[in-house]
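J.: Got a sequence here, can you model it:
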Amino acid sequence: MIKTILIIIFIAFYAIFFMPLAFFAFLLSLAGLRKPMSYFIYWVAQCWAFSVIAMTGSKIKVTGIENIPKKDGICFVCNHCGYFDIVLLLAYSRRPFGFIAKKELMLLPFINVWIYMLGGLFIDRRNVRKALRTIDTGVKRIQTGGGMVIFPEGSRSRGRGLLPFHPGSLKLATKAEAIIVPVAIEGSYELFEKNYRVVSVPIKISFLECIPTASIPQEDRKAVLSDRIYTVIKEELDKNSLS
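T.: Now for the predicted structure:
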């Protein structure tokens with residue numbers, strides 16, 4: 001329990017202490033230095049993520065780093081085990097990225113600002129028109145060379161295995177004709193949410209072979225692409241559980 005409390009204190013301290021620096025960088029990005037400042041903000045968040053992971057004492061195994069394109073717009077499509085998935089992606093993705101967050105996270109002080117500065121977008125799923133505008137904003141970011149993360153299950157699986165993908169969950173990637181990098185994360189649920197205290201666990205992150213959506217026929221981008229990504233992530237998770 002002491003470890004859990006210390007990590008929570010560290011997360012809050014880091015978010016508050018480094019916010020002025022990151023916010024200044026964010027303002028510079030609005031003034032025309034978008035690309036270098038986005039990498040700087042990501043670097044600050046990455047240092048935070050590595051520090052949090054180190055404090056948990058967990059052993060992280062990462063494979064497939066070579067599958068992450070170094071340039072062009074990309075979309076990480078990842079299973080969603082628990083809260084620490086974003087921390088793990090911040091640490092090991094090697095690319096700045098934003099993600100679609102439910103609008104309720106806008107109410108979390110400091111965390112909401114960091115999500116926004118990192119390129120995150122808040123979505124109101126109850127308002128279809130607003131939700132589509134949010135997706136279009138994400139599409140433009142990918143088309144200009146940025147990165148986004150999609151959790152197509154729609155919610156955390158919490159140890160229940162890979163959940164079915166929500167219909168239309170890949171719309172952000174397909175509309176942007178992004179390069180998709182499927183990601184399989186195993187073990188992050190046990191790190192904290194299983195008992196709501198931080199424990200040291202083995203975690204594996206697999207960045208799988210990328211899929212260029214631009215080369216996929218329009219009629220196959222909805223069901224066929226979704227099934228393909230679901231299959232490769234599930235096969236990787238099954239392989240990890242057997243090893």
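J.: Same question for the helix or strand of the chain with the lowest mean pLDDT: list its buried residues.
T.: When each helix and strand of the chain is scored by mean pLDDT, DSSP states H and E, helix 19-30 comes last, with a mean of 80. Residues 19, 22, 25-26, 29 are the ones in helix 19-30 that count as buried (16 or more other CB atoms under 10 Å). Any C-beta I mention is one placed from the backbone N, CA and C, and that applies to glycine too.
J.: Equivalent analysis for stretch 180-190, please.
T.: 180-190.
J.: In JSON lines, list the residues you listed along with distance to Val149 and pLDDT.
T.: Below are those laid out as JSON lines (distance: CB to CB, whole Å; pLDDT from 0 to 100):
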{"residue": "Ile180", "distance to Val149": "11", "pLDDT": "94"}
{"residue": "Val181", "distance to Val149": "10", "pLDDT": "96"}
{"residue": "Pro182", "distance to Val149": "12", "pLDDT": "96"}
{"residue": "Val183", "distance to Val149": "8", "pLDDT": "96"}
{"residue": "Ala184", "distance to Val149": "14", "pLDDT": "95"}
{"residue": "Ile185", "distance to Val149": "11", "pLDDT": "95"}
{"residue": "Glu186", "distance to Val149": "17", "pLDDT": "93"}
{"residue": "Gly187", "distance to Val149": "18", "pLDDT": "90"}
{"residue": "Ser188", "distance to Val149": "14", "pLDDT": "91"}
{"residue": "Tyr189", "distance to Val149": "17", "pLDDT": "91"}
{"residue": "Glu190", "distance to Val149": "21", "pLDDT": "90"}
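J.: Would you convert those into TSV that also reports secondary structure?
T.: TSV is the format used below for the buried residues of stretch 180-190 (DSSP: H, G, I helix; E, B strand; the rest coil):
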residue	secondary structure
Ile180	strand
Val181	strand
Pro182	strand
Val183	strand
Ala184	strand
Ile185	strand
Glu186	strand
Gly187	coil
Ser188	helix
Tyr189	helix
Glu190	helix
